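J.: no FASTA, just this:
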């Protein structure tokens, strides 16, 4: 009698264990089935990279930008609203070193970028998520029209940036920067974004092809041809006029002095004049001979 309850207990315990094992197995299979859609093997690598980029951009923004532009880019008293600048504006400001600023200033100075290329890409993606701003333009200058770009540059850009792209002074202590170190993409970004005192040249003013033409001409200005002789730094008519006055007028004066040297020598007086104490001119007598007669 005592052995049967013990056997029954063992059978009951074995059955319970079996049920538990089967339940756990079914739960594990269901969990595995449910997890398959989000398993690493089924997630596109580009999505993971995009998520990482946005997270990195948010971290960088919170570290260096939020104090002036606020959390969502709405701006503060120290920085403007950037919710509509898009990836275009952020890319231009970061790649030209204008951002971040050490302190607020009327015109952001151009300097080497403060971030690596990957960090800039991350920050640009984060700022672009603030609103519906423009994206980074696709600039292609290989097949652009250099002649047309030069004409458009001289009509619209030369007044501020100089004929050679060397930059120039503006009002209120501002200046138009030189363009000899600006990449073609940033040239088009500047036209579309309009930083500082620069006007915005939208698609209604310059088409994409015309913008590419101007970018190609700016690239040409970095190493322009000089068929007329020495380029004088390619600084335009001011330098040429200065050289004309300094060298041309100097040579003309020297030539005049050389041509008239004999005339000036013939007109020089032969007696040596001296000034008497009373202020009157005194002529030294001519030399005499041994007999006492003076020379004629």
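T.: Looks like it came in fine. These numbers come from a predicted model, not from an experiment. Numbering: from 1, shown residues only.
J.: residue ranges of the helices in the chain, please?
T.: For the chain, the helices defined by DSSP state H occupy 3-35, 45-64, 66-69, 86-95, 117-128, 146-156, 158-161, 184-193, 208-220, 237-243, 250-259, 261-266.
J.: Where do the domain boundaries of the protein fall?
T.: Domain assignment for the chain by automatic domain parsing gives 48-128, 146-220.
J.: State the pLDDT value of the residue lying closest to residue 185 once chain neighbours are set aside.
T.: Excluding the flanking residues, the one nearest residue 185 by CB to CB, 6 or more residues apart in numbering is residue 139, at 4.8 Å. In short, each C-beta sits where N, CA and C put it, glycine included. We note a pLDDT of 97 for residue 139 in this prediction.
J.: swap in residue 254?
T.: Looking at residue 254, the pLDDT reads 88.
J.: do the same with the one 3 residues further on
T.: Model confidence at residue 257, given as pLDDT, is 85.
J.: What of the one 5 residues further on?
T.: Predicted confidence (pLDDT) for residue 262: 76.
J.: on that earlier part again, near the residue nearest to residue 185, how many residues? Count them for me, please.
T.: Residue 139 sits with 18 neighbouring residues when counted by other CB atoms under 10 Å.
J.: how close does it get to residue 81?
T.: Residue 139 sits 27 Å away from residue 81, going by CB to CB, to the nearest Å.
J.: and residue 109, what does it touch?
T.: Contact analysis of residue 109 by CB atoms under 8 Å, 6 or more residues apart in numbering lists 97, 98.
J.: I'd guessed the residue nearest to residue 185 sits against residue 188; true?
T.: Yes - contact criterion CB atoms under 8 Å: residue 139 and residue 188 qualify, at 5.0 Å.
J.: Next, count neighbours for residue 89.
T.: Neighbour tally, residue 89, other CB under 10 Å: 23.
J.: Correction: the previous question concerned residue 69.
T.: Around residue 69 there are 24 residues (other CB under 10 Å).
J.: Please apply the same query to residue 113.
T.: The burial count for residue 113: 14, using other CB under 10 Å.
J.: I'd like the distance between it and residue 259.
T.: The spacing between residue 113 and residue 259, counted by CB to CB, is 61 Å.
J.: re the thing from before, for the helices of the chain, give me JSON lines that also has distance to residue 176.
T.: Below are the helices of the chain laid out as JSON lines (distance: least, CB to CB, whole Å):
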{"stretch": "helix 3-35", "distance to residue 176": "58"}
{"stretch": "helix 45-64", "distance to residue 176": "27"}
{"stretch": "helix 66-69", "distance to residue 176": "24"}
{"stretch": "helix 86-95", "distance to residue 176": "15"}
{"stretch": "helix 117-128", "distance to residue 176": "24"}
{"stretch": "helix 146-156", "distance to residue 176": "12"}
{"stretch": "helix 158-161", "distance to residue 176": "4"}
{"stretch": "helix 184-193", "distance to residue 176": "11"}
{"stretch": "helix 208-220", "distance to residue 176": "13"}
{"stretch": "helix 237-243", "distance to residue 176": "15"}
{"stretch": "helix 250-259", "distance to residue 176": "33"}
{"stretch": "helix 261-266", "distance to residue 176": "50"}
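J.: With that, I have no additional questions.
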